[in-house]
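In: sequence first, then the predicted structure, then my questions.
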Amino acid sequence: MKKVIQTKNAPAPIGPYSQAVQTGNLLFVSGQIAINPETEELNLASIEEETHQVMRNIKAILLEAEITFAHVIKTSIFLSDMNNFAKVNEVYGSYFTADFPARETVQVSVLPKNVNVEISVIAAIA
């Protein structure tokens with residue numbers, strides 16, 4: 001059994017997928033890119049601002065599911081250029097305070113809409 005999570009406070013999917021799907025006590029959040037949900041425009045001012053927008057989008061989806069970043073157990077970060085790792089990592093880390101989730105970070109050749117970073121998460125719902 002699954003429950004689709006959808007919020008207007010995060011960008012609408014750009015394909016045939018849901019923002020997030022809950023099954024049992026797990027929430028699977030689809031990869032988020034730096035689309036500002038208010039303007040529907042990409043926020044690519046800098047790699048730091050791009051990452052903040054991605055994290056704000058994830059936060060909005062988590063809040064719709066009535067949880068926070070403290071519930072995140074696994075993240076996947078996709079970068080178009082591993083040279084951006086340190087800057088992305090600094091911004092990403094500012095959204096977590098302790099008991100950090102498991103994670104992998106990989107460089108890929110291209111991301112949707114030619115963005116620089118995409119992040120997906122899995123969270124546990126208590």
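Out: Yep, that arrived.
In: burial count for Leu111?
Out: 15 (other CB atoms under 10 Å). C-betas here are computed from N, CA, C, even on glycine.
In: likewise Lys59?
Out: 16.
In: other SSEs contacting the helix or strand containing it?
Out: Assessed by DSSP states H and E, Lys59 sits inside helix 47-64. Contact here means 3 or more CB pairs under 8 Å, 6 or more residues apart in numbering; DSSP states H and E; on that basis helix 47-64 packs against strand 26-32, helix 85-93, strand 117-124.
In: quick check: buried residues in the last one?
Out: Neighbour-count burial for strand 117-124, with 16 or more other CB atoms under 10 Å as criterion, is recorded at Val117, Glu118, Ile119, Ser120, Val121, Ile122, Ala123.
In: kindly report the same for the second one.
Out: By neighbour count, and taking 16+ other CB under 10 Å as the criterion, the buried residues in helix 85-93 are Phe85, Lys87, Val88, Val91, Tyr92.
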